[in-house]
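J.: following is a predicted model, sequence given first.
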Amino acid sequence: MENYANAKLLEEKVFKDPVHRYVHVRDQVIWDLIGTKEFQRLRRIRQLGTTYLVFHGAEHSRFNHSLGVYEIVRRITDDIFRGRPEWDEGERLLILCAALLHDLGHGPFSHAFENVFQTDHEYFTRQILLGETEVNGVLKRVSEQFPEMVAQVIEKKYPNELVVSLISSQIDADRMDYLQRDAYYTGVSYGHFDMERILRVMRPRNGQVLIKSSGMHAVEDYIMSRYQMYLQVYFHPVSRSAEVLLNNILKRVKQLNEENYPFIVEPVHFKAFFENNINLDDYLALDEYILLTYFQYWTKEQDSILSDLCTRFMNRKLLGYVNLNPEEEPERFRRLKELLEAAGVNTEYYFYHDCTSDLPYDFYRPGKETTRLPIFLLMPNGEIRELSQESLIVDSIAGRIKTDHKVYYPKEILQNPSVDSELKKELQKVLFS
């Protein structure tokens with residue numbers, strides 16, 4: 001067992017990567033994990049879900065991202081932390097495996113799928129690590145306890161917080177990879193920052209990662225990159241429109257199944273999800289290729305709602321949207337729904353309020369459930385200071401949640417000749433007031 005944990009490949013393997021140039025693999029355990037069917041499945045799960053319908057280059061997968069997170073952690077442990085007394089070299093393989101496998105349980109179009117079928121990708125990550133899987137078989141060759149240790153790191157329950165912080169903190173390998181990778185594939189400039197500088201100024205201290213104060217401006221750039229990426233890419237209203245359709249397709253299929261609707265193409269891959277009796281094999285059998293195949297078939301279904309929703313999604317005929325917060329404008333929201341129903345719109349499937357929010361940087365606030373450890377700077381005199389205490393830029397956004405409300409509706413209703421012209425005028429008034 002011990003020999004396997006330390007086993008190296010006879011020749012280093014590399015993956016050509018557009019973000020990090022190369023991903024280097026020398027450990028036999030890492031190479032074997034990459035070759036498992038559970039990890040290869042991540043090739044068929046997009047990193048950004050429906051965002052490819054807005055940014056056509058965003059076809060990259062969670063496989064790409066997972067390799068990227070691994071590579072950043074490998075560089076930190078092998079180049080930055082090695083030889084430092086605060087770093088335990090015996091935990092190197094553990095954090096490399098956790099970095100590689102942290103997204104293992106994501107399902108197709110993660111968030112919409114989870115909303116409808118009440119699944120949890122973190123739960124399934126654990127099941128893959130500890131169940132009868134190829135991944136578990138590789139990890140157990142290291143030791144019987146090793147799969148559980150990897151799971152604890154990913155779940156943020158591992159006792160050494162320094163290890164956890166490398167893949168789950170406010171400045172971790174996960175965020176550093178997805179910001180750069182998502183920026184590269186969407187073609188935007190917002191997500192780029194000086195990662196090389198940040199890595200060079202990282203220091204392990206007192207169970208956490210500190211940043212030398214000389215690297216503060218690179219960290220400011222990183223924080224602002226995250227801020228901009230959420231506003232311009234992750235919160236993009238058109239991508240969210242596609243996710244609304246996706247959510248309602250799955251919701252409609254679930255309802256039709258409960259009504260014993262005679263599908264032309266039976267949703268056999270969904271049966272366990274309908275019955276809320278999902279085992280790991282059922283979960284792993286679903287990927288985005290399979291969902292899209294069903295959606296293409298369902299464009300021909302007799303049920304007009306399912307057929308229309310699938311046609312819209314497959315042909316990018318998305319819903320329109322308007323800025324509207326129902327809590328701030330309840331009467332406007334009620335009136336809009338009322339008018340759409342009068343125009344013949346099924347508001348259960350074609351009227352949807354979506355709210356999304358992000359906290360780009362938080363500081364330590366005792367007693368808050370959502371508190372995450374902030375970023376600490378190591379000052380020249382050895383003092384440790386929280387980032388927003390030193391940075392005016394970060395202080396200006398620290399603790400401020402960015403929230404965006406949209407209401408989605410079928411925009412073509414305003415051009416529908418069968419809808420009364422006075423009703424259209426009233427609709428326009430409510431929509432654009």
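T.: Perfect, thanks for sending it.
J.: in the helix or strand in which residue 11 is found, what's buried?
T.: Counting by DSSP states H and E, the element that carries residue 11 is strand 8-17. With burial defined by 16 or more other Cβ atoms under 10 Å, the residues of strand 8-17 counted as buried are 15, 17. The C-beta positions use only the backbone N, C-alpha and C, and glycine is treated the same way.
J.: grab the CA positions of it and hand them over as PDB.
T.: Output in PDB follows, covering the C-alpha atoms of strand 8-17 (Å, rounded to 0.1, in the frame of the first residue of the first chain):
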ATOM      1  CA  LYS A   8       5.800   7.400  -9.700                       C
ATOM      2  CA  LEU A   9       5.200   6.900 -13.400                       C
ATOM      3  CA  LEU A  10       8.300   5.900 -15.400                       C
ATOM      4  CA  GLU A  11       7.800   9.000 -17.500                       C
ATOM      5  CA  GLU A  12       5.800  12.100 -16.600                       C
ATOM      6  CA  LYS A  13       2.500  12.500 -18.400                       C
ATOM      7  CA  VAL A  14       1.300  16.000 -19.500                       C
ATOM      8  CA  PHE A  15      -2.000  17.400 -20.700                       C
ATOM      9  CA  LYS A  16      -1.800  20.400 -22.900                       C
ATOM     10  CA  ASP A  17      -3.900  23.100 -21.300                       C
END
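J.: can you name the next helix or strand after that strand?
T.: Next element after strand 8-17 (DSSP H and E): strand 21-27.
J.: counting by contacts, list what that following strand packs against.
T.: strand 8-17, helix 62-75 (3 or more Cβ pairs under 8 Å, 6 or more residues apart in numbering; DSSP states H and E).
J.: distance to residue 316 for these - can I get that in JSON lines?
T.: Below are the helices and strands packed on strand 21-27 laid out as JSON lines (distance: least, Cβ to Cβ, whole Å):
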{"stretch": "strand 8-17", "distance to residue 316": "29"}
{"stretch": "helix 62-75", "distance to residue 316": "23"}
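J.: okay, the ones you listed in a markdown table with mean pLDDT and distance to residue 286 next?
T.: Converted to a markdown table, those look like this (pLDDT from 0 to 100; distance: least, Cβ to Cβ, whole Å):
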| stretch | mean pLDDT | distance to residue 286 |
| --- | --- | --- |
| strand 8-17 | 97 | 26 |
| helix 62-75 | 98 | 14 |
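J.: among those, which is nearest residue 215?
T.: helix 62-75 (15.5 Å; Cβ to Cβ).
J.: ok, and what's touching the closest one?
T.: For helix 62-75, the external contacting residues (Cβ atoms under 8 Å, 6 or more residues apart in numbering) are 15, 17, 19-20, 22-24, 30, 34, 39-40, 42-43, 45-47, 95-96, 99-104, 106, 166-167, 173-174, 176-178, 180-181, 195, 199.
J.: 6 Å instead, please
T.: 15, 19-20, 23, 42-43, 45, 47, 95, 99-100, 103, 106, 166, 173-174, 176-178, 181 (Cβ atoms under 6 Å, 6 or more residues apart in numbering).
J.: can you pull out the helices in the stretch 301-433 of the chain?
T.: Assigned by DSSP state H, counting those that start in this stretch, the helices in the stretch 301-433 of the chain fall at 304-314, 330-342, 347-350, 387-390, 392-395, 421-432.
J.: name the residues of the second one that are buried.
T.: Judged by neighbour count (16+ other Cβ under 10 Å), helix 330-342 contains these buried residues: 332-333, 336-337, 339-340.
J.: which residues sit against it?
T.: For helix 330-342, using Cβ under 6 Å, 6+ apart, the contacting residues are 326, 347, 351, 426-427, 430.
J.: can you do 7 Å?
T.: 324, 326, 347, 351, 407, 409, 413, 423, 426-427, 430-431 (Cβ atoms under 7 Å, 6 or more residues apart in numbering).
J.: roughly how far out does it sit from the chain middle?
T.: 33 Å (Cα atoms, centre = their mean, to the nearest Å).
J.: now swap in the fifth one and tell me
T.: Between the centre of helix 392-395 and the centre of its chain there are 26 Å (Cα atoms, centre = their mean).
J.: buried set for that helix?
T.: 393-394.
J.: which other helices and strands does it contact?
T.: Helix 392-395 sits against helix 216-229, helix 387-390, with contacts defined as 3 or more Cβ pairs under 7 Å, 6 or more residues apart in numbering; DSSP states H and E.
J.: the first one too?
T.: The helices and strands touching helix 304-314, judged by 3+ Cβ pairs under 7 Å, 6+ apart, are helix 237-258, helix 288-298.
J.: deepest-packed of those helices, please.
T.: helix 237-258 (a mean of 21; mean count of other Cβ atoms under 10 Å).
J.: which helices and strands sit right next to that helix?
T.: Using 3+ Cβ pairs under 7 Å, 6+ apart, helix 237-258 is in contact with helix 110-117, helix 304-314, strand 352-358, strand 402-409.
J.: end-to-end on stretch 308-325?
T.: 27 Å (Cα to Cα, to the nearest Å).
J.: tell me how far the residue lying closest to residue 270 once chain neighbours are set aside lies from residue 300.
T.: Nearest residue to residue 270 in three dimensions, chain neighbours excluded: residue 253, at 6.6 Å (Cβ to Cβ, 6 or more residues apart in numbering). In this view, residue 253 and residue 300 are 14 Å apart by Cβ to Cβ, to the nearest Å.
J.: and what of residue 45?
T.: In terms of Cβ to Cβ, residue 45 sits 26 Å off from residue 300.
J.: who has more neighbours out of the two?
T.: A count of neighbours by other Cβ atoms under 10 Å puts residue 45 above the other of residue 45 and residue 300, at 22 against 11.
J.: what's the closest non-adjacent residue to that one?
T.: residue 62 (4.7 Å).
J.: ok, that neighbour - how many residues close by?
T.: Neighbours around residue 62, by other Cβ under 10 Å: 22.
J.: and what of residue 399?
T.: By other Cβ under 10 Å, the residues close to residue 399 number 14.
J.: and it, how far is that from residue 249?
T.: 37 Å.
J.: with residue 17 instead?
T.: From residue 17 to residue 249 the distance is 34 Å (Cβ to Cβ).
J.: if we can go back for a sec, inside strands: which ones of the contacts of helix 62-75?
T.: Members of those lying in strands (criterion: DSSP state E): 15, 23.
J.: what subset of the contacts of helix 62-75 is buried?
T.: Here, 16+ other Cβ under 10 Å leaves 15, 19-20, 23, 42, 45, 47, 95, 99-100, 103, 106, 166, 173-174, 176-178, 181 buried among those.
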